[in-house]
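Enquirer: With the sequence up front, the predicted model follows.
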Amino acid sequence: MQMQHRPLEGKVAVVTGATRGVGKGVALALGEAGALVYATGRTLGPGASNWPGSLQETADEIAQRGGRCIPVACDHGDDGSVRRLFERVHDEQKGVIDVLVNNVFAAPARMPVNVPFWELEDGLWEALLHVGLRSHYVASRCAAPRMVARRQGLIVNTSSGGAVRYTFNVPFGVQKAGVDKMARDMAHDLRPFNVASVVIWPGFIKSEKFLAQPDRVPAPLAKRIMENGESPEFAGRAVVGLAADPAIMEKSGRLHLVAELAQEYGFTDIDGRMPEAPART
């Protein structure tokens, strides 16, 4: 879907974890909608990772669609690296940050599935909650003062149904539940300043990692994803809708399913499908 208009022309967005997956899909959609996108991640150029995708490839695809993207290598596990990112955006854009999408996530090479928590490898808890929860908090702390000063802005946090039902393992679920709670509580603090904070849940994603190695997940789930999964850009179109919504403050502090936003804002996935919304419980 090529944008017939550019509803976010002149806006500045930061998307974390935009090398591949949902982050890349969000960056592509925001760029196509007219926003200047700062895309972050650890893999700057092609061939620097064993996985497909790089920040430069994300930027190139946005440019092909007529958008603008500045790829920035950033280790979201390092607070100093994150602060430098936002200082750069602040300096280059004269203090303007309209949209922050907290998406970065540090997944292990193979996610433990249905493994009792006492049998999980040491460090999984720290890995999942450090980059994917704490990192969202740090990025939000860097972006919020700019938004508060201008009395406008939107922070979008990506999560999933793992927040409310057992998915994969205990640390994974705790990480997702933490993101949801953080988004709601940040909305409370930001509301007096006309800045919104929301959380979105995509469904199962046909990510580059999944398509490269579908055997990383159990076979029944892999089959379900192949048959009914969403493209990463489906979530991106939801973020565009939220960022362009003049009544966004009415949605602040709430959970929004990407498929429900598609119905409200009138968009489909890139293949024209309207994926089914995941359960809220």
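Expert: It's in.

Enquirer: Quick check: residue 159 vs residue 248, distance?
Expert: Residue 159 is 18 Å from residue 248, where distance means C-beta to C-beta, to the nearest Å. No exception for glycine: its C-beta is placed from N, CA and C like everyone else's.

Enquirer: of these two, who's got more company?
Expert: residue 159 (26 against 18; other C-beta atoms under 10 Å).

Enquirer: was I right about the more buried one contacting residue 176?
Expert: Yes - with contact defined as C-beta atoms under 8 Å, residue 159 counts as touching residue 176 (5.0 Å).

Enquirer: Tell me where the stretch 1-150 of the chain is predicted with low confidence.
Expert: 1-4, 47-48 (pLDDT under 70).

Enquirer: ok, now with 80
Expert: For the stretch 1-150 of the chain, the stretches with pLDDT under 80 are 1-5, 47-51.

Enquirer: Tell me which residues touch the residue nearest the centre of the chain, please.
Expert: For the chain, the residue nearest the mean C-alpha position is residue 103 (3.0 Å; C-alpha atoms, centre = their mean). Shown in contact with residue 103 (C-beta atoms under 8 Å, 6 or more residues apart in numbering): 15, 16, 17, 18, 21, 22, 23, 26, 158.

Enquirer: can you check residue 139 too?
Expert: When contacts are counted by C-beta under 8 Å, 6+ apart, residue 139 touches 14, 16, 76, 82, 86, 100, 102.

Enquirer: Now with 6 Å, please.
Expert: Contact analysis of residue 139 by C-beta atoms under 6 Å, 6 or more residues apart in numbering lists 16, 82, 102.

Enquirer: could these go into JSON lines alongside distance to residue 241, neighbour count and secondary structure?
Expert: Shown next, in JSON lines, are those (distance: C-beta to C-beta, whole Å; neighbours: other C-beta atoms under 10 Å; DSSP: H, G, I helix; E, B strand; the rest coil):
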{"residue": "16", "distance to residue 241": "20", "neighbour count": "28", "secondary structure": "coil"}
{"residue": "82", "distance to residue 241": "27", "neighbour count": "21", "secondary structure": "helix"}
{"residue": "102", "distance to residue 241": "18", "neighbour count": "30", "secondary structure": "strand"}
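
Enquirer: from those, which is closest to residue 136?
Expert: Nearest to residue 136 among the contacts of residue 139, counting by C-beta to C-beta, is residue 102 at 3.8 Å.

Enquirer: Quickly list what the closest one is bridged to.
Expert: Bridge pairing for residue 102 (DSSP bridges) gives the partners residue 157.

Enquirer: Test my guess that it contacts residue 144.
Expert: No - using C-beta atoms under 6 Å as the test, residue 102 is too far from residue 144 to be in contact (11.7 Å).

Enquirer: Need the residues touching each of those two.
Expert: By C-beta under 6 Å, 6+ apart, no residue touches both residue 102 and residue 144.

Enquirer: wait, residue 13 sits on residue 37?
Expert: Yes - using C-beta under 6 Å, residue 13 is in contact with residue 37, at 5.1 Å.

Enquirer: Show me whatever sits in contact with both of these two.
Expert: Common neighbours of residue 13 and residue 37 (C-beta under 6 Å, 6+ apart) are residue 30.

Enquirer: Look up how far residue 277 lies from residue 99.
Expert: As defined by C-beta to C-beta, residue 99 lies at a distance of 23 Å from residue 277.

Enquirer: Please, which helix or strand holds the closest residue to residue 210 other than its chain neighbours?
Expert: Excluding the flanking residues, the one nearest residue 210 by C-beta to C-beta, 6 or more residues apart in numbering is residue 225, at 6.2 Å. With secondary structure defined by DSSP states H and E, residue 225 is part of helix 219-228.
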